[in-house]
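Visitor: Pasting a predicted model and its sequence here:
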Amino acid sequence: MDNNSMIDSLRGKYTTELFSIDESSDILTITVNKSCIKELVRWLKDEIGFGFLTDLCGIHIPGQTLELGVVYHLHNLPENKRIRIKTFTTKDNPKMSSITEIFSSANWMERETFDFYGIKFVGHPNLIRILNVEYLDYFPMRKEYPLEDATRSDKDDRFFGR
Amino acid sequence: MEQHFEREHILVQPEDKNQHFSTLNLGPTHPATHGIFQNVLKMNGETIIDAEQTIGYIHRAFEKIAERRPFYQITTLTDRLNYCSSPINNIGWHLTVEKLLGIKTSKRIDYMRIIVMELARITDHLICNSVIGVDSGALTGFIYLFQEREKVYEIYEEICGARLTTNLGRIGGFERDFTPNVIRKIKDFIDNLHKTLHEFENLLMRNRIFMDRTINVGGISADRALNYGFTGPNLRAAGVDYDVRVMNPYSSYNDFDFTIPIGTNGDTYDRFCVRQEELWQSIKLVKNALDNLPEGNFHEDVPEFYLPPKEEVYSKMEALIWHFKIVMGEVDVPVGEVYHAVEGGNGELGFYLVSDGGRTPFRLHFRRPGFIYYQAYPEMIRGSVLSDAILTMSSMNVIAGELDA
């Protein structure tokens, strides 16, 4: 299935939930409403053949209304096609459907995403921190936690005209 | 603030109290755990009922650090993912950045990279397979193969000056050309490796004791392996011929003719055999790449990202300017996102890079194959005995650095 027929079938199935389709990057990228993510992944796996979850990770984009995101990379091994699915949620209510029922590999990847971004995957069997210590009380990969001393300014972008 | 957290779900459940189940802590620093991670095993006698893994003991927050570093400085972080084959990680990262920047490399650079990556794959598989021998009680093969690994590390030393955490190559090529000494050492190594490999295979491959210990131990079906996100030799042992080098060829791998070995049962013996055959294929690849190594420059002309030679920095204005710009991160990076995968020692090593045009990545995620397939470990060892669990773990080639990132 090439990109065009893929987009057609996506458009046919989802009308309001499908926010954007982007072909400009290396992989066909779609952004969807978080309400349909589980159903979409299941449909892609069972009907279209995206039977391999390559990657699942979080992203934090401050300034958007929906700040926290999850990026899924699925791979259709027989046809060797990849697809990237993005879905975003608010920081106040960072809930997302878990896809552990569909892919067992999502288990730790979702735990990692929870650990670093605080995204709560509803339906995950064991959503606890995985790499950080259990008593950590914040989510370190969020952009509001700078890595280095905040007073250090010698590496700031604005010194280079940005 | 520090509290004591007890993982309740891994303790013996109340309904089990009248049965004689026990919990066994395997790790964090047990010699047989191959790194710092813990397995809490729930056991009935010597049979494993259930297991729960704890990882993260050497978590170093690479993804967070990467958001503060210019692209060329991230190479040193990738070294420390799978430290048994760091050149693959380094080159994988360089290929990712080159994909984002749209840099096309010449055949010579591609072939040089293939040589280095296949040498790294050889070391990775040598370690894994020799350690399977050690964990089943055969120490001799380990000593044989580690002598060979040492030779590869000497080759790395000749190429880049480092041995384990190599920081090898640059965005756009290599820091220096292969010297005649490097070529000689590679030829020497490749021409003599088959003797040791044959010797090693004679020790273990058809050894009745070894076969009894490994066949039908820690098996996984192709279906479950795909569902668990297995890649690399572990997936191929289960019978799925997925290899990134063939499916999405990078660095001119499509110029070469090589075979992808697959297994049938996905058990420890199949994983051993697949890695063993991949060693032979890697030898062939290195040989072919070295014989057909084209003439040309060892790096592309990308002054925005490729650090100029040091002597020019001290004598030429142009070089000094570029050096300053690169080191201070004052070069423009295109806005965009890429996912690039290479076939690492353990499977698909992916880099998901989001750039907002700043001096550092906006987001960088490493798809570490070991992290993803290690979660299948409890399912693979359930019902087996403790000594088989150790063998299963060593045949999966779980690397702590890759798990924890």
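Guide: Yep, that arrived.
Visitor: switch to C-alpha atoms for all contacts and neighbour counts from now on
Guide: Noted.
Visitor: for the least confident helix or strand in chain A by mean pLDDT, packing partners?
Guide: Within chain A, judged by mean pLDDT, DSSP states H and E, the helix or strand with the poorest mean is helix A:3-13; its value is a mean of 86. Packing partners of helix A:3-13 (3 or more C-alpha pairs under 8 Å, 6 or more residues apart in numbering or on different chains; DSSP states H and E): none among the helices and strands.
Visitor: Quick one: residues contacting the residue nearest to residue B:345 when sequence neighbours are not counted.
Guide: Computed as C-alpha to C-alpha, 6 or more residues apart in numbering or on different chains, the closest residue to residue B:345 that is not its neighbour in sequence is residue B:121, at 5.2 Å. Shown in contact with residue B:121 (C-alpha atoms under 8 Å, 6 or more residues apart in numbering or on different chains): B:85, B:88, B:279, B:282, B:344, B:345.
Visitor: Same question for residue A:122.
Guide: For residue A:122, the residues meeting the contact criterion (C-alpha under 8 Å, 6+ apart) are A:95, A:96, A:97, A:98.
Visitor: Domain map for chain B?
Guide: As recorded under automatic domain parsing, the domains making up chain B are B:8-54, B:62-367.
Visitor: Need those domains in a markdown table (columns: distance to residue A:46).
Guide: Below are the domains of chain B laid out as a markdown table (distance: least, C-alpha to C-alpha, whole Å):
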| stretch | distance to residue A:46 |
| --- | --- |
| domain B:8-54 | 30 |
| domain B:62-367 | 13 |
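Visitor: ok, the contacts of residue A:122 vs chain B, which is closest?
Guide: Nearest to chain B out of the contacts of residue A:122 is residue A:98 (C-alpha to the nearest C-alpha; 15.0 Å).
Visitor: Not counting its neighbours along the chain, what's nearest that closest one?
Guide: residue A:121 (4.8 Å).
Visitor: That neighbour and residue B:79: what is the separation?
Guide: 32 Å (C-alpha to C-alpha, to the nearest Å).
Visitor: neighbour count winner among these two?
Guide: residue B:79 (25 against 21; other C-alpha atoms under 10 Å in any protein chain shown).
Visitor: Distance-wise, check the more buried one relative to residue B:387.
Guide: Distance, residue B:79 to residue B:387, using C-alpha to C-alpha: 31 Å.
Visitor: Then residue B:156?
Guide: Following C-alpha to C-alpha, the distance that separates residue B:156 from residue B:387 is 35 Å.
Visitor: in which helix or strand would I find residue B:58?
Guide: Using DSSP states H and E, residue B:58 falls within no helix or strand.
Visitor: Quick one: the strands in the chain, in order.
Guide: Since no chain was named, I'll use chain A. Using DSSP state E, the strands of chain A run over residues A:18-22, A:28-32, A:52-60, A:68-76, A:81-89, A:95-97, A:120-122.
Visitor: actually chain B
Guide: Along chain B, the stretches classed as strands by DSSP E are B:21-26, B:38-44, B:47-54, B:336-343, B:348-355, B:363-367.
Visitor: Find the residue at the geometric middle of chain B.
Guide: By C-alpha atoms, centre = their mean, chain B has its centre lying nearest to residue B:345, at 3.7 Å.
Visitor: typo on my end, chain A
Guide: Looking at chain A with C-alpha atoms, centre = their mean, the centroid-closest residue comes out as residue A:70, 1.7 Å off.
Visitor: quick revisit: which residues are contacting the least confident helix or strand of chain A?
Guide: For helix A:3-13, using C-alpha under 8 Å, 6+ apart, the contacting residues are A:18, A:21, A:28.
Visitor: In terms of pLDDT, where does the second one sit?
Guide: When you say that, I think you mean residue A:21. What the model reports for residue A:21 is a pLDDT of 90.
Visitor: surely it meets residue A:27?
Guide: No - using C-alpha atoms under 8 Å, residue A:21 is not in contact with residue A:27; the gap is 10.8 Å.
Visitor: Between the two, which is the more surrounded one?
Guide: residue A:27 (19 against 15).
Visitor: Could you check how far the more buried one is from residue A:72?
Guide: 12 Å.
Visitor: follow-up on the earlier one: give me the more crowded residue out of residue B:156 and residue B:387.
Guide: residue B:156 (23 against 14).
Visitor: Tell me the confidence at the more buried one?
Guide: So, for residue B:156, pLDDT stands at 94.
Visitor: now the one 5 residues further on
Guide: Residue B:161 carries a pLDDT value of 91.
Visitor: Just give me the closest of the contacts of residue B:121 to chain A.
Guide: Closest to chain A, out of all of the contacts of residue B:121 and judged by C-alpha to the nearest C-alpha, is residue B:344, at 14.2 Å.
Visitor: So for the closest one, what's the nearest residue that isn't a sequence neighbour?
Guide: Using C-alpha to C-alpha, 6+ apart, the nearest residue to residue B:344 is residue B:88, at 6.0 Å.
Visitor: could you list every residue that touches residue B:336?
Guide: Counting by C-alpha under 8 Å, 6+ apart, residue B:336 touches A:25, B:100, B:354, B:355, B:356, B:357.
Visitor: Tabulate the residues you listed (CSV), appending neighbour count and distance to residue B:187.
Guide: Converted to CSV, those look like this (neighbours: other C-alpha atoms under 10 Å in any protein chain shown; distance: C-alpha to C-alpha, whole Å):
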residue, neighbour count, distance to residue B:187
A:25, 13, 41
B:100, 22, 34
B:354, 19, 40
B:355, 20, 40
B:356, 15, 44
B:357, 15, 43
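Visitor: could those go into CSV alongside distance to residue B:176 and pLDDT?
Guide: Below are the contacts of residue B:336 laid out as CSV (distance: C-alpha to C-alpha, whole Å; pLDDT from 0 to 100):
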residue, distance to residue B:176, pLDDT
A:25, 32, 83
B:100, 23, 93
B:354, 29, 95
B:355, 28, 93
B:356, 31, 91
B:357, 29, 87
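Visitor: Indicate whether stretch B:205-224 makes contact with chain A.
Guide: No - on the criterion C-alpha under 8 Å from any C-alpha of the partner chain, stretch B:205-224 is out of touch with chain A, staying 8.5 Å away.
Visitor: beta partners for the closest residue to residue A:26 other than its chain neighbours?
Guide: Spatially, and ignoring its direct neighbours in sequence, residue A:26 is nearest to residue B:338 (6.0 Å; C-alpha to C-alpha, 6+ apart). As for beta bridges, residue B:338 partners with residue B:353 under DSSP bridges.
Visitor: pLDDT value on residue B:338, please?
Guide: 94.
Visitor: so what's it up against?
Guide: Residue B:338 neighbours (C-alpha under 8 Å, 6+ apart): A:25, A:26, A:27, B:96, B:99, B:100, B:351, B:352, B:353, B:354.
Visitor: so where's chain A shaky on pLDDT?
Guide: Low-confidence segments of chain A (pLDDT under 70): A:1, A:148-157, A:159-162.
Visitor: I figured residue B:352 hits residue B:362, correct?
Guide: No - between residue B:352 and residue B:362 there is no contact under C-alpha under 8 Å: 10.7 Å.
Visitor: I'd say residue A:91 and residue A:63 touch.
Guide: No - in this structure, residue A:91 is not within contact of residue A:63 by C-alpha under 8 Å, at 11.1 Å.
Visitor: which of the two has more neighbours?
Guide: residue A:91 (17 against 7).
Visitor: any idea how far the closest residue to residue A:74 other than its chain neighbours lies from residue B:195?
Guide: Excluding the flanking residues, the one nearest residue A:74 by C-alpha to C-alpha, 6+ apart is residue A:53, at 4.7 Å. Going from residue A:53 to residue B:195 by C-alpha to C-alpha gives 40 Å.
Visitor: before we move on, what about residue B:242?
Guide: Distance from residue B:242 to residue B:195, by C-alpha to C-alpha: 29 Å.
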